[in-house]
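Q: with the input below, show me the fold.
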Amino acid sequence: MHPCLYLSELLQLIFDEVGCKATCARLARVCSTFTEPALDALYTNVDGFYELLTCLPSDLWALSPPRPTSPYDHAIKSHKDQVLTFKRDMNRDDWDILLSRTTRVRRLRQPRAHRIEAASDVHLALQACPVPPLFPRLRSLAIEAERPPPELSLFLGPELRHLEVAWSAAVLLEKIPLLPTICPMIDSLSTGQSDSGSPPPSPRPPNPPDLSELYRLRTLSIGPRDQDLLPHLASLPSLRNLTVEVSERTPWLGANESYGIRSLDSLHISADTFSTSAKALDALLSCASPAEPAAIHSLTITGESPSLADLVSTICARLSHTHLSALSISNTWRSTENPPDEAADLLPLSLFARLTRFTYTNHPRPVPMSGAQLAHLASSWPLLERLAIVPGQQPAMTGAELSGLSSACPRLKAVDLSVGEDNAVSASASASASSAALSSAGVAPESRPRDYALLTDWLCVWSSVMMADAPFVGERETPVVVVTSEP
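A: This is a model prediction of the structure:
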């Protein structure tokens, strides 16, 4: 064998490129030098823990078709191909073989629709593991099943960084009350709301451990049932990213609570209505005593409502005007009888002078906002780099309005707007700049002649602005343009 193949760094590069697990399995049998890197490539990322058990001796396990005990059970298990059972007890050699694989696993995902289901005797055997944790080097764990597996504690270890489960935090802490002690390195936690089939949490001790002991937690995603976690959020020293799912029936929204979050890199609130989103913002960011507005750098709101006024008013009242740099609002209001007046409702957002990104999505209808109104709003954001109104606004912007927009926002690089024809556009602008930008935008003249012409007009305006003496900081990149032409 060539001496270069003894270099571990080179072997790592080779197996990073292979990708195919079947090929890695064959390479593991070629020579002893390939064995270790091939096994690492095979078991670093695992989808389906019970499939991993088939690496054990064949006299230990067997696969059989699922046997539903009720029509409901059949509906649940119809997507499973086989059920894994054990034919004998596991011995020390079996555990050694399994540990030689699990110690290599860095990412484990247990999908809801996995190919193999485990029988009860398998769960019992796994709970007798002689050396927990079974995955000592595991860094990322995602379990999509509706209820915690009996052997959940075997997956948790001191190296775990990312944990994602499909149940509420209350169920998770009921199952693993010492989670902060077992997994002190967790920096990302996502909980779900699939508590169906799970027993109600039993009474917890007077001083139960809570997530405030996860001192390294930076990213947290919680749902409507995780009310007990909210008082601890402000005390998490490293928390920078928070996602909260709420609905009109969420209990803590009507409790007049103040949770006092002061600073976050990103906050994402997913709600049924914008009124609910406003209540959640008010509760999360308000303090019992008067204080400065919360320093939130990126805010994402998802919901629906015929009016944005209450939501925008709460955003302006609770968020620092000098810290917010990215704002995204997604409105799923579908009724055409009472459409929101976005032009008036969004105008107070002009207070956030340091915005660099703004996205407003309102599927499925275009936003009733004139180009002049949009340009007036964007003129309050001189640092703006990306602007998107999806699926576009009516009436569409003219070239003159786009010229004013680009002058008011000299850093603007990417836009997603409706653009109409403008006969006032100068035809003497740089054609080469237009052609280059058209190529980067992926617009072919033979496939979309009308949009190509409109985009050419727009880029002529943009080129004339770029060649003007208007000051801007740094080199302006070729803009990325998404054009929605008027019908």
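Q: contacting residues around Leu211?
A: With contact taken as Cβ atoms under 8 Å, 6 or more residues apart in numbering, Leu211 is in contact with Ala169, Pro180, Leu189, Leu217, Leu220, Leu229, His232, Leu236. C-betas here are computed from N, CA, C, even on glycine.
Q: which residues are in contact with the closest residue to Leu11 other than its chain neighbours?
A: Distances taken as Cβ to Cβ, 6 or more residues apart in numbering put Pro37 closest to Leu11, at 4.5 Å, once the chain neighbours are dropped. By Cβ under 8 Å, 6+ apart, Pro37 lies in contact with Ser8, Leu11, Gln12, Ile14, Phe15.
Q: of those residues - the most surrounded one?
A: Phe15 (22 neighbours; other Cβ atoms under 10 Å).
Q: ok, back up a step: of all the contacts of Leu211, which comes closest to Gln394?
A: The shortest approach to Gln394 among these belongs to Leu220, at 39.2 Å (Cβ to Cβ).
Q: give the pairing partners of the helix or strand where that closest one lies; include direction for each.
A: If you go by DSSP states H and E, Leu220 is part of strand 219-222. Counting by DSSP bridges, the strands paired with strand 219-222 are strand 188-190 (parallel), strand 241-245 (parallel).
Q: show residues contacting it.
A: Contacts of strand 219-222 (Cβ under 8 Å, 6+ apart): 169, 187-191, 211, 229, 233, 236, 239-245.
Q: let's see that with 7 Å instead.
A: Ala169, Asp187, Ser188, Leu189, Ser190, Thr191, Leu229, Leu239, Asn241, Leu242, Thr243, Val244 (Cβ atoms under 7 Å, 6 or more residues apart in numbering).
Q: make CSV out of those residues and add neighbour count, distance to Asp282 and pLDDT.
A: Output for the contacts of strand 219-222, formatted as CSV (neighbours: other Cβ atoms under 10 Å; distance: Cβ to Cβ, whole Å; pLDDT from 0 to 100):
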residue, neighbour count, distance to Asp282, pLDDT
Ala169, 23, 22, 85
Asp187, 19, 28, 95
Ser188, 17, 26, 96
Leu189, 22, 24, 95
Ser190, 17, 24, 94
Thr191, 25, 23, 90
Leu229, 21, 18, 83
Leu239, 24, 19, 94
Asn241, 17, 20, 97
Leu242, 21, 15, 96
Thr243, 16, 18, 95
Val244, 23, 13, 94
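Q: where in the stretch 51-200 of the chain is pLDDT low?
A: Residues of the stretch 51-200 of the chain meeting the criterion pLDDT under 70: 67-80, 193-200.
Q: how does it look with 80?
A: 66-81, 113-115, 132, 193-200 (pLDDT under 80).
Q: what about the helices in it?
A: 71-77, 92-102, 120-126, 152-155, 169-175, 179-182 (DSSP state H, counting those that start in this stretch).
Q: JSON lines please, covering those helices and showing distance to Val419.
A: Output for the helices of the stretch 51-200 of the chain, formatted as JSON lines (distance: least, Cβ to Cβ, whole Å):
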{"stretch": "helix 71-77", "distance to Val419": "50"}
{"stretch": "helix 92-102", "distance to Val419": "56"}
{"stretch": "helix 120-126", "distance to Val419": "60"}
{"stretch": "helix 152-155", "distance to Val419": "52"}
{"stretch": "helix 169-175", "distance to Val419": "47"}
{"stretch": "helix 179-182", "distance to Val419": "52"}
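Q: and Cys55, which of these is closest to it?
A: Nearest to Cys55, of those and by Cβ to Cβ, is helix 92-102 at 5.6 Å.
Q: which of the contacts of Leu211 lies closest to Leu324?
A: Leu220 (20.1 Å).
Q: quick revisit: closest to Arg147 among the contacts of strand 219-222?
A: Thr191 (13.6 Å).
Q: got a list of what the spatially closest residue to the closest one that is not a sequence neighbour touches?
A: Leaving out its chain neighbours, the residue that sits closest to Thr191 by Cβ to Cβ, 6+ apart is Ala169, at 4.6 Å. Contact analysis of Ala169 by Cβ under 7 Å, 6+ apart lists Thr191, Leu211, Ile222, Asp226, Leu229.
Q: which ones among the residues you listed map onto strands?
A: Ile222 (DSSP state E).
Q: Pro130: how many residues sit nearby?
A: Pro130: 10 neighbours (other Cβ under 10 Å).
Q: measure the nearest residue to it once chain neighbours are set aside to Leu126 for me?
A: Leaving aside its sequence neighbours, Pro130 sits nearest to Trp95 (Cβ to Cβ, 6+ apart; 6.0 Å). From Trp95 across to Leu126, the span is 10 Å (Cβ to Cβ, to the nearest Å).
Q: who has more neighbours out of these two?
A: Counted by other Cβ under 10 Å, Trp95 and Leu126 do not tie: Leu126 has more neighbours, with 21 against 17.
Q: tell me the contacts of the nearest residue to Leu42 once chain neighbours are set aside?
A: Once flanking residues are discounted, Leu42 sits nearest to Cys24: 5.0 Å by Cβ to Cβ, 6+ apart. Cys24 is in contact with Phe15, Val18, Ala38, Ala41, Leu42, counting by Cβ under 7 Å, 6+ apart.
Q: once you drop chain neighbours, what's closest to the second one?
A: Read that as Val18. Val18 sits nearest to Cys24 (Cβ to Cβ, 6+ apart), 5.8 Å away.
Q: just to confirm, which helix or strand has that neighbour in it?
A: helix 21-27.
Q: tell me the buried residues in that helix?
A: Cys24, Leu27 (16 or more other Cβ atoms under 10 Å).
Q: repeat that for stretch 234-251.
A: Ala234, Leu236, Leu239, Arg240, Asn241, Leu242, Thr243, Val244, Glu245, Val246, Thr250.
Q: just checking, the first one touches Ser263?
A: In other words, Ala234. No. The criterion here is Cβ atoms under 7 Å, and Ala234 misses it with Ser263 at 9.5 Å.
Q: make JSON lines out of the contacts of Ala169 and add distance to Thr276.
A: Formatted as JSON lines, the contacts of Ala169 follow (distance: Cβ to Cβ, whole Å):
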{"residue": "Thr191", "distance to Thr276": "19"}
{"residue": "Leu211", "distance to Thr276": "23"}
{"residue": "Ile222", "distance to Thr276": "15"}
{"residue": "Asp226", "distance to Thr276": "16"}
{"residue": "Leu229", "distance to Thr276": "18"}
